[in-house]
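Asks: everything below, folded, please.
(chains A, B, C and D)
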There are 4 protein chains.
Amino acid sequence: MTGRYVAVCGPSVATEQEAAWAEEVGRRLAEAGAVVVCGGLGGVMDAAARGAAGVGGTVIGILPGETRSGASPHLTVAIPTGMGEARNAIVVRTADVVIAVRGEFGTLSEIALALKMGKPVVGIGTWEFGKEGESVDAIVRATDPRDAVAQALRLAGR
Amino acid sequence: MTGRYVAVCGPSVATEQEAAWAEEVGRRLAEAGAVVVCGGLGGVMDAAARGAAGVGGTVIGILPGETRSGASPHLTVAIPTGMGEARNAIVVRTADVVIAVRGEFGTLSEIALALKMGKPVVGIGTWEFGKEGESVDAIVRATDPRDAVAQALRLAGR
Amino acid sequence: MTGRYVAVCGPSVATEQEAAWAEEVGRRLAEAGAVVVCGGLGGVMDAAARGAAGVGGTVIGILPGETRSGASPHLTVAIPTGMGEARNAIVVRTADVVIAVRGEFGTLSEIALALKMGKPVVGIGTWEFGKEGESVDAIVRATDPRDAVAQALRLAGR
Amino acid sequence: MTGRYVAVCGPSVATEQEAAWAEEVGRRLAEAGAVVVCGGLGGVMDAAARGAAGVGGTVIGILPGETRSGASPHLTVAIPTGMGEARNAIVVRTADVVIAVRGEFGTLSEIALALKMGKPVVGIGTWEFGKEGESVDAIVRATDPRDAVAQALRLAGR
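Replies: Below you'll find the model as predicted:
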């Protein structure tokens, strides 16, 4: 319980590259002793869980549904919240830092909730945003999984 | 209960222009018979509530805290959820359509949650976002409060 | 928004007596200017809403599902939380005092949550409980709807 | 993730006997390969976690607050929900069966939510309840921790 908790967020249906990135992120986090937190379903969530579980890491899946049905088989523990998309706030609340791997609107909501809660976010090929034509640079951009994990652990340690 | 529910989202500390926009949005929604939903606090939320209440409209405030303390005085009903930022998902879930007036990261999370849930979003001067240098045009852009309300009511009616 | 909020809890399928009690409770609360809060579905919830709405009162329905489908037609506003039974905590959180009209396990959870939160509970023919053969008298017992409302308003005013 | 999940519920301040019961319940659940779920704080929650962790078991703490502050040091993973008492619904949702060790109103809410969700509840010296003078026997009564765990695992296996 004393380690760092890092959420890995991304699409529930992943491309090969996204899955490869997420699996390496999960593996490197577990090797560093961090607990991996995710939404517990497929795609990037499943790949991150597989990467962490493959090296004996701990992975928490915080699920939207009322049962563990549909959960990644690589989770250490699965939490069916029965709260739908509101569970995104719990994923983020549980994490000390968030790593976003590409992602769709669910991932964008997790990035925004993390920033609202004052938690650092590291992104690999994920959302860019701004207002009135001006970019808002609130995310630390990583070039690859190794860089993403290194930056996330540095930020979590602050 | 049979009318349309429209969420008005925006910063809890508003500029004069943001407050003027939000107040007009709230007023026009109430005049059209829509129920206004908001996060129940200050800034854009309070201004939208004031605009709707001023013409006898109904305004729901869905609050993050455990009590009604800090709520806008213009709410018809105030719901203290005790759920913090997770209440953003309930604001959006309650709405048929979301109008975002500028906004910070909380508003960005509400836009993203609405799009994830398949609900239309109308924006006035609010967040722009995309991936890998490509804009993702998921929000209907309005030029002013009159246009925002007209578009929102049209989209809610679909 | 400045009035007292009173939750009326009870079974979603009601006997004639339960419905008559709930309707009178809703009516008397609305006549006294209180906002009625309920779970928004059928049975006691619907009857309380009907009673309050019939005299022009305000009724909030806090629904477990993701849509307003299945909601009582007598609600002033319907909040689909998408949170399932976890919405019981919001029903209770919104209320200054809870009136339980008989009820099943959902009502028992609302009584328990209210007592945990330090909110008074008034009961008509509702759950009795205790430990090791000793009754725990944490609920104010009312003899009829008139008495229940009078006691609830007295307790809410503290 | 494939094992049975058993929630252990009880007061956050425990007597010596309650703590001894909870610790033995946690230990026996872990020895049987079950994942222990609890509210993550002190008293019975902490004792159950200590018992399970002492034999290498997995313990999930689902916390009411926004941080891991105040969590039992014996948790394998700690989930700060930021949802207050509404987290009780998640504790119960995560479990296949609930064991209640005595308990106060929070525990009564968890028993009621479990029964509402159709999940079996085993009790050691916990709440008794009924209506109109008639006991409602919805809980399986256990005589000691060994019996409670045996009954819970039997019920979880159904």
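Asks: packing partners of the helix or strand bottoming out on mean pLDDT in chain A?
Replies: The weakest-scoring helix or strand in chain A, judged by mean pLDDT, DSSP states H and E, is strand A:134-135 (a mean of 92). Using 3 or more Cβ pairs under 8 Å, 6 or more residues apart in numbering or on different chains; DSSP states H and E, no helix or strand is in contact with strand A:134-135. (Glycine included, C-beta is placed from N, CA and C.)
Asks: so how far is chain B from the residue of chain A positioned farthest from its centre?
Replies: In chain A, the residue that sits farthest from the middle, by Cα atoms, centre = their mean, is A:Glu132; the gap is 28.6 Å. Relative to chain B, A:Glu132 is positioned 7 Å away (Cβ to the nearest Cβ, to the nearest Å).
Asks: that residue is in contact with B:Gly125, isn't it?
Replies: Yes - counting by Cβ atoms under 8 Å, A:Glu132 touches B:Gly125, with 6.5 Å between them.
Asks: that older thread, next helix or strand past the least confident helix or strand of chain A?
Replies: With elements assigned by DSSP states H and E, the helix or strand that comes after strand A:134-135 is strand A:140-141.
Asks: helices or strands up against that next one?
Replies: For strand A:140-141, the packing partners by 3+ Cβ pairs under 8 Å, 6+ apart come out as strand A:121-124.
Asks: buried residues in the helix or strand following the strand it packs on, which are they?
Replies: Later in the chain than strand A:121-124, the nearest helix or strand by DSSP H and E is strand A:127-131. Neighbour-count burial for strand A:127-131 flags A:127-129, A:131 (criterion: 16 or more other Cβ atoms under 10 Å in any protein chain shown).
Asks: that older thread, given the least confident helix or strand of chain A, what are its sheet partners and their directions?
Replies: Strand A:134-135 has these partner strands in its sheet, going by DSSP bridges: strand A:127-131 (antiparallel).
Asks: with just CA atoms, put the strand it pairs with into CSV.
Replies: Extracted as CSV, the C-alpha positions of strand A:127-131 are listed here (Å, rounded to 0.1, in the frame of the first residue of the first chain):
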residue,chain,number,x,y,z
TRP,A,127,-5.2,14.7,-26.4
GLU,A,128,-4.0,18.3,-27.1
PHE,A,129,-6.3,21.1,-26.0
GLY,A,130,-6.5,24.8,-25.7
LYS,A,131,-8.8,27.8,-25.8
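Asks: so what touches it?
Replies: The contact list for strand A:127-131, computed with Cβ atoms under 8 Å, 6 or more residues apart in numbering or on different chains, reads A:100, A:103, A:107-108, A:111, A:135-136, A:138-139, B:102, B:108, B:125-133.
Asks: A:Arg4 is in contact with A:Asp96, correct?
Replies: Yes - with contact defined as Cβ under 8 Å, A:Asp96 and A:Arg4 form a contacting pair (5.2 Å).
Asks: neighbour count: the two, which is higher?
Replies: Under the neighbour definition other Cβ atoms under 10 Å in any protein chain shown, A:Asp96 and A:Arg4 were set side by side, and A:Asp96 has more, 21 against 17.
Asks: now the more buried one: closest residue in space, sequence neighbours ignored.
Replies: Nearest residue to A:Asp96 in three dimensions, chain neighbours excluded: A:Ala156, at 4.2 Å (Cβ to Cβ, 6 or more residues apart in numbering or on different chains).
Asks: give the burial count for that neighbour, as a bare number.
Replies: 21.
Asks: partner residues bridging A:Gly130?
Replies: For A:Gly130, the beta-bridge partners under DSSP bridges are A:Ser135, B:Glu128.
Asks: roughly how far apart are the residue farthest from the centre of chain A and B:Thr126?
Replies: 9 Å (Cβ to Cβ, to the nearest Å).
Asks: what does A:Gly125 give?
Replies: Noted for A:Gly125: a distance of 24 Å to B:Thr126, by Cβ to Cβ.
Asks: what about the two, which has more around it?
Replies: Legend: neighbour count by other Cβ under 10 Å for A:Gly125 and B:Thr126, higher for B:Thr126 (22 against 19).
Asks: nearest residue to the more buried one other than its sequence neighbours?
Replies: Spatially, and ignoring its direct neighbours in sequence, B:Thr126 is nearest to B:Ala100 (4.1 Å; Cβ to Cβ, 6+ apart).
Asks: parallel or antiparallel, list what pairs with the strand or helix carrying that neighbour.
Replies: Taking DSSP H and E as the criterion, B:Ala100 maps to strand B:97-101. Using DSSP bridges, strand B:97-101 pairs in its sheet with strand B:5-9 (parallel), strand B:121-124 (parallel).
Asks: say whether chain A is contacted by the next helix or strand after it.
Replies: Once strand B:97-101 ends, the next helix or strand along the chain (criterion: DSSP H and E) is helix B:105-116. Yes - Helix B:105-116 is in contact with chain A by Cβ under 8 Å from any Cβ of the partner chain, via B:105-106, B:108-109, B:111-113, B:115-116.
Asks: adding pLDDT and neighbour count, write those residues out as a markdown table.
Replies: Below are the residues of helix B:105-116 next to chain A laid out as a markdown table (pLDDT from 0 to 100; neighbours: other Cβ atoms under 10 Å in any protein chain shown):
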| residue | pLDDT | neighbour count |
| --- | --- | --- |
| B:Phe105 | 98 | 21 |
| B:Gly106 | 98 | 23 |
| B:Leu108 | 98 | 27 |
| B:Ser109 | 98 | 30 |
| B:Ile111 | 98 | 28 |
| B:Ala112 | 98 | 31 |
| B:Leu113 | 98 | 30 |
| B:Leu115 | 98 | 22 |
| B:Lys116 | 98 | 19 |
